[in-house]
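Chemist: with the sequence up front, the predicted model follows.
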Amino acid sequence: PTNGDQVRIQLSGIYPELTNATLDITDLFGKRVMSTTLPLNDGALNTSLALPGALADGLYVVTIVTGEQLFTERLMIAR
């Protein structure tokens, strides 16, 4: 869970030749509430992401796409 300000993202095992990842956050109805591109460093993603203040408390789905790899995780916002 996060308080809605920011979320820490750590991912490894990504193809080292890739330089960017696309991150989408959707609500449980499938509506995209945020989309951004994040830089990769030597096959890893290690960053803090500021979240939009307009996100309501609740459960969201975070999807990260790097080349042909797809990573999905749940995100809970609770203030």
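Modeler: Happy to help now that I have it. Values in this document were obtained by computation on a predicted structure and should not be read as measured data.

Chemist: number of nearby residues for A56?
Modeler: A count of neighbours around A56, defined by other CB atoms under 10 Å, yields 10. Using the backbone N, CA and C atoms, a C-beta is placed for each residue, glycine as well.

Chemist: got a list of what the closest residue to it other than its chain neighbours touches?
Modeler: Distances taken as CB to CB, 6 or more residues apart in numbering put I77 closest to A56, at 7.3 Å, once the chain neighbours are dropped. Counting by CB atoms under 8 Å, 6 or more residues apart in numbering, I77 makes contact with 1-4, 51, 55-58, 60.

Chemist: only the buried subset of these, as a PyMOL command please.
Modeler: Restricted to buried positions by 16 or more other CB atoms under 10 Å, the PyMOL selection for the contacts of I77 reads:
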select buried, resi 2+4+51+55+60
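
Chemist: can I get the contacts of I77 in JSON lines with pLDDT?
Modeler: Converted to JSON lines, these look like this (pLDDT from 0 to 100):
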{"residue": "P1", "pLDDT": "81"}
{"residue": "T2", "pLDDT": "89"}
{"residue": "N3", "pLDDT": "89"}
{"residue": "G4", "pLDDT": "88"}
{"residue": "L51", "pLDDT": "93"}
{"residue": "L55", "pLDDT": "90"}
{"residue": "A56", "pLDDT": "93"}
{"residue": "D57", "pLDDT": "94"}
{"residue": "G58", "pLDDT": "95"}
{"residue": "Y60", "pLDDT": "97"}
